[in-house]
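In: give me a 3D structure for the following:
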Amino acid sequence: MKPQRPDPLVLLALGGLSLVLEASLTVAQGTQKQLLSWSQKSRETFGSRLLPPLEEERSGD
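Out: The predicted structure follows:
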């Protein structure tokens, strides 16, 4: 019995899906790097906390 060859459309669809997944991973990595960069800049600008501690708010009243 001769083995069947896969349908060319199936191979084309799998290749396209592979390209889409690779592009999605590339975009996700770029987004992660940008978010980490923004997070670092935020820490440098505002410190580790964006809101002052509650004790400091009460003492100023």
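In: average pLDDT for stretch 46-56?
Out: Averaging pLDDT along stretch 46-56 yields 64.
In: give me the below-cutoff pLDDT ranges for this protein.
Out: 1, 48-61 (pLDDT under 70).
In: which parts of it are helices?
Out: 8-46, 54-59 (DSSP state H).
In: columns distance to residue 2 on top of those helices, output as TSV?
Out: (Each C-beta comes from the backbone N, C-alpha and C, glycine too.) Listed next are the helices of the chain as TSV, based on distance: least, CB to CB, whole Å:
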stretch	distance to residue 2
helix 8-46	17
helix 54-59	78
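In: mind putting these into a markdown table with mean neighbour count?
Out: Below are those laid out as a markdown table (neighbours: other CB atoms under 10 Å):
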| stretch | mean neighbour count |
| --- | --- |
| helix 8-46 | 10 |
| helix 54-59 | 8 |
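In: got the phi/psi numbers for residue 5?
Out: The phi and psi values for residue 5, taken as degrees, to the nearest 10, are phi -90, psi 140.
In: do residue 7 as well
Out: Residue torsions, per degrees, to the nearest 10, at residue 7 are phi -60, psi 130.
In: distance of it relative to residue 35?
Out: Per CB to CB, to the nearest Å, residue 7 is found 41 Å from residue 35.
In: what's the answer for residue 15, then?
Out: Taking CB to CB, one finds residue 15 at 31 Å from residue 35.
In: try residue 10
Out: Going from residue 10 to residue 35 by CB to CB gives 37 Å.
In: what does residue 20 give?
Out: Counting by CB to CB, the gap from residue 20 to residue 35 is 22 Å.
In: what do you get for residue 6?
Out: With CB to CB as the criterion, residue 6 and residue 35 are 40 Å apart.
In: residue 24 too?
Out: Taking CB to CB, one finds residue 24 at 16 Å from residue 35.
In: cool, residue 46 as well?
Out: Distance from residue 46 to residue 35, by CB to CB: 16 Å.
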